[in-house]
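Chemist: Take a look and give me a structure for this.
(chains A and B)
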Number of protein chains: 2
Amino acid sequence: MEKQKIITISREFGSGGRTIGRMVAERLGYTFYDKELVDHVALESGFAPQYVEEHGEHSPSKSIFSYAFANQSIPGVMNGLSTADFLWNVQCSVILQLADKEPCVIVGRNADYILKDREDCLHVFVHANKDFRADRIVRLYGESEKSPKSRLNEKDKRRQVNYRHYTGRNWGESQNYDICLDSSKLGIEKCVDIIVSLVQE
Amino acid sequence: MEKQKIITISREFGSGGRTIGRMVAERLGYTFYDKELVDHVALESGFAPQYVEEHGEHSPSKSIFSYAFANQSIPGVMNGLSTADFLWNVQCSVILQLADKEPCVIVGRNADYILKDREDCLHVFVHANKDFRADRIVRLYGESEKSPKSRLNEKDKRRQVNYRHYTGRNWGESQNYDICLDSSKLGIEKCVDIIVSLVQE
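Modeler: Here you go, the predicted model:
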């Protein structure tokens, strides 16, 4: 296996994929792109970071609004694309540029698909059972009006739809990744060890 | 993570999953069930091993024949079940018994689903790209009239349909497994190392 210079981590909400990505990047001395990626995309697209964060990997909950917005866009700026499609294009371009720059770990943003043709990428998917994820999102993000499980279901659904729409693939299908890990079964630390060992050998 | 006494290995045809299973069993000193499982099921069901081998994890290519056969079955022996359903029942019962007996590695036969409620099981899925698999089946099983890729497609399809029918799940969906590995990317030896490390730690 060629030396893996780029690691993409796709993850179910609450599975600890982001934490795993950060720990892997620290252990390998790779640049870590999560929020940092959002800032890059915000800068390139002109959208607010919060908007990119919310819509970059989720299907819009009100897609009609998204198209209405597109129709009012300034010609030549968004080329008549919907805001979602425009954001997707910017995201693709930013991810391709970053991957060319230096060894890095990229969390989310369908980077597994965007970088699928590079040989020097390791594509990881992290998932976990619902109890583990529900417990984790409450500890990390606090309570909300909705139950933790309905928050998970909603986020899962929006990521699935977004992924399917832009990649034509099914979210979480093992064949799209080099390795898929259940963090609730294996533990966060062990997931980190396995990924690091795949790059270091 | 509790000590994993049972390892189930589900695999795409030609991915090397069986080889990985055998090597893992040797390294851990676990009993290995592949052909041996077929013999157990054959003994319990009264079918020929070759029949069990061919139909135990593949949807019948001629399902009408399978039901016609069932109608002619001796009452009380197959309880009016189709041969496929009867075989499935025997397979479930044999796998549950074997898992209770001693630490083991079980390849295929939807054992991941049959043993899904046991905490002491590690469920592994092995997949690989089509070129790797096509090359491997020609080396291991020789040429045939059909092209290697159409042999793969046919076998994949039959396993998918069988798995879906008996488990209600989608074949290869990462969430059904504790770990999924691309043997064409990671290499057979590395897959073995990872699985062994998950049991030994």
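
Chemist: And for A:Ser16, the neighbour number?
Modeler: Quick fix: residue A:16 reads Gly, not Ser. The criterion is other C-beta atoms under 10 Å in any protein chain shown. On that basis, A:Gly16 has 24 neighbouring residues. To be clear about C-beta, it is placed using only N, CA and C from the backbone, and glycine gets the same treatment.

Chemist: should've said A:Glu143
Modeler: The burial metric for A:Glu143, expressed as a neighbour count using other C-beta under 10 Å, is 10.

Chemist: Next: the one 10 residues further on.
Modeler: By the criterion of other C-beta under 10 Å, A:Asn153 has 14 neighbours.

Chemist: Quick check: next helix or strand after the helix or strand harbouring it?
Modeler: When elements are assigned from DSSP states H and E, A:Asn153 belongs to helix A:148-167. Read in the C-terminal direction, the helix or strand following helix A:148-167 is strand A:179-182, with elements assigned using DSSP H and E.

Chemist: tell me the mean pLDDT for the helix or strand that that following strand is followed by?
Modeler: On the C-terminal side of strand A:179-182, the nearest following helix or strand under DSSP H and E is helix A:183-186. Per-residue confidence for helix A:183-186 averages out to 96 on the pLDDT scale.

Chemist: other SSEs contacting helix A:183-186?
Modeler: If contacts are counted by 3 or more C-beta pairs under 8 Å, 6 or more residues apart in numbering or on different chains; DSSP states H and E, helix A:183-186 sits against helix A:130-141.

Chemist: List the buried residues of the helix it packs on.
Modeler: For helix A:130-141, the neighbour count (16 or more other C-beta atoms under 10 Å in any protein chain shown) marks A:132-134, A:136-137 as buried.

Chemist: Is any residue of it near chain B?
Modeler: No - Helix A:130-141 lies apart from chain B when judged by C-beta under 8 Å from any C-beta of the partner chain; the minimum separation is 10.2 Å.

Chemist: The helix holding A:Asn153 - what's its average pLDDT?
Modeler: The predicted model assigns helix A:148-167 a mean pLDDT of 90.

Chemist: show me what contacts A:Val41?
Modeler: Taking C-beta atoms under 8 Å, 6 or more residues apart in numbering or on different chains, we find A:Val41 in contact with A:47, A:52, A:56, A:87, A:90-91, A:94.

Chemist: And A:Ala99, by the same measure?
Modeler: A:Ala99 makes contact with A:6, A:106, A:115, A:118, A:121, according to C-beta under 8 Å, 6+ apart.
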